[in-house]
Each structure stands twice: as C-alpha cells, then as structure tokens.
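S.K.: Coordinates for the following, if possible.
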Amino acid sequence: MSEVKISAEPRTEFGKGGARRTRRAGKVPAVLYGHGEKPRHIALPAREFAAAIRHGGANQLFNVDITGGGSALALPKAIQRDPIKDTYEHVDLLVVRRGEKVTVDVPVQLIGEAAPGTLVVHEHATLSILADATRLPGGLEVSVEGLAAGSQILAGNVPLPQGAELAADPELVVAVISAAPTAEELGAEAPAEAAEAPAEAPAAEA
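M.R.: This is a model prediction of the structure:
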C-alpha cells in the first residue's frame, strides 16, 4: 500500500471545546505518538484524511508533514467516528519506521462460490498479521470455490503476501460452509398461519 502525504498543524487547544472548534474548522483532532517520542497533538485536514481512509482503509500509511515540526510516518491506531454525521471525531496515529514490522488487522474477503446447496458463513472478517509498515496489504483473499458442506476455512489457510506473517491463531475459523436449508425445512420453520377469527356473537334480542 502506497503512503499518503498529509499536512498537519500543531494543536494548542485541548478538551471537548478545543476539539469542537478544530472540527468546525474542517480538521480532525489527532495525537501522534510512538518510539518513545513525546505525544504531539495535531490537526489533520478532514477531507484529505477521509479520502485516504476510503481509498486505503484503516491501515493507510501516512507521511505526516507537521507545520514547523518536521514529518513522520504513521499508521492509524484508533479512529473515532460519529456514526450519525459520518465524520471523524479523533485519530490516534502510531509513528512507524521504514522496514519496521507492525501487527495490524486486515480485512478478509471470501471469493468464489461454494458447492451448490451450501451456505457460507463468514465467522471472522479480519485477521491479525505481522508485516512491514510500508508494505501493508489493503486486504486478504481466500477462495471458497467448490467447497462442500462441512468445510472450514482456517486462518492458516488464508494466503499472505510475501514477507507477511500470521499473528492470529492458525486454527481460528474464518468461514464455515454448511448445507443450505431445503424448501421443506424452510416451510416447516415458517410461522403457523393466523387462526381464523372467531365467529361473531349473535345479536342480542330486543
């Protein structure tokens, strides 16, 4: 995954009030830390950051250029989002170095089609891997093509890019292939039809 250069400004206002003012200015409050360095409070341009995450995912590598403070390679370690506004509230960035290996969670995509009459259940959508910070994959792919009911995809079965190592348990179940329910089984599970409405009571005599 290629790195994205992004500008940043030192942040001098802290607390909820300062964070709100930073966001109103079109920036995302962030903290840059790691390798024994003193944490640096910065503000990132919201649009550029959002575009990079949409394109590269949560493990996008950034080359952060800080106004008056040099630059640093960093990976998002924690991202806080507002689910209603769909905006970024705060970001923790971990400083990394070229050639350094880091542990990250990477999305796993199932490709292909299992055998007819089966149902594929994706048990774990991500896997932890150890890889070069400057060569992190955007995702992993594993095929379920032709797999019969009763088959499993384990973490150890997922192909990894060159130089990457599995950090998760190799026996972790990523996907399970089971027999799809038959039409008869679905019919038996369907809720019973509503009972007929009771007959109307006879009208009272005058």
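
S.K.: my read is K38 is in a helix, agree?
M.R.: No: K38: not assigned to a helix; according to DSSP: H, G, I helix; E, B strand; the rest coil it is strand.

S.K.: Could you count how many residues lie near the closest residue to A133 other than its chain neighbours?
M.R.: Residue nearest to A133 in three dimensions, not counting chain neighbours: V96, with 3.9 Å by CB to CB, 6 or more residues apart in numbering. Quick note: C-beta positions are derived from backbone N, CA and C, even for glycine. V96 has 21 neighbouring residues, counting by other CB atoms under 10 Å.

S.K.: Next: F62.
M.R.: F62 - counted by other CB under 10 Å - has 27 other residues nearby.

S.K.: How about G163: what's its closest non-neighbour residue?
M.R.: Using CB to CB, 6+ apart, the closest residue to G163 is D132 (5.9 Å).

S.K.: right, I mislabeled it, should have said D65
M.R.: S71 (4.7 Å).

S.K.: My read is that that neighbour contacts I42, right?
M.R.: No: the pair formed by S71 and I42 falls short of the contact definition of CB atoms under 8 Å, at 11.4 Å.

S.K.: what about the residue nearest to D65, how many residues close to it?
M.R.: S71: 14 neighbours (other CB under 10 Å).

S.K.: For it, which residues are in contact?
M.R.: Shown in contact with S71 (CB atoms under 8 Å, 6 or more residues apart in numbering): 63-65.

S.K.: which residue ranges form the helices in the chain?
M.R.: For the chain, the helices defined by DSSP state H occupy 15-24, 46-56, 183-189.

S.K.: Tell me which of those helices sits most buried.
M.R.: Among those, helix 46-56 has the highest mean neighbour count (mean count of other CB atoms under 10 Å), at a mean of 16.

S.K.: what angle separates that one from helix 15-24?
M.R.: If you take axes from the mean of the first three to the mean of the last three CA atoms, to 10 degrees, helix 46-56 sits at 80 degrees to helix 15-24.

S.K.: before we move on, the earlier item: got a list of what the residue nearest to G163 touches?
M.R.: So D132 contacts 99-101, 163-164 (CB under 8 Å, 6+ apart).

S.K.: Which one (most neighbours) among those residues?
M.R.: A164 (19 neighbours).

S.K.: Now that residue: closest residue in space, sequence neighbours ignored.
M.R.: A131 (4.0 Å).
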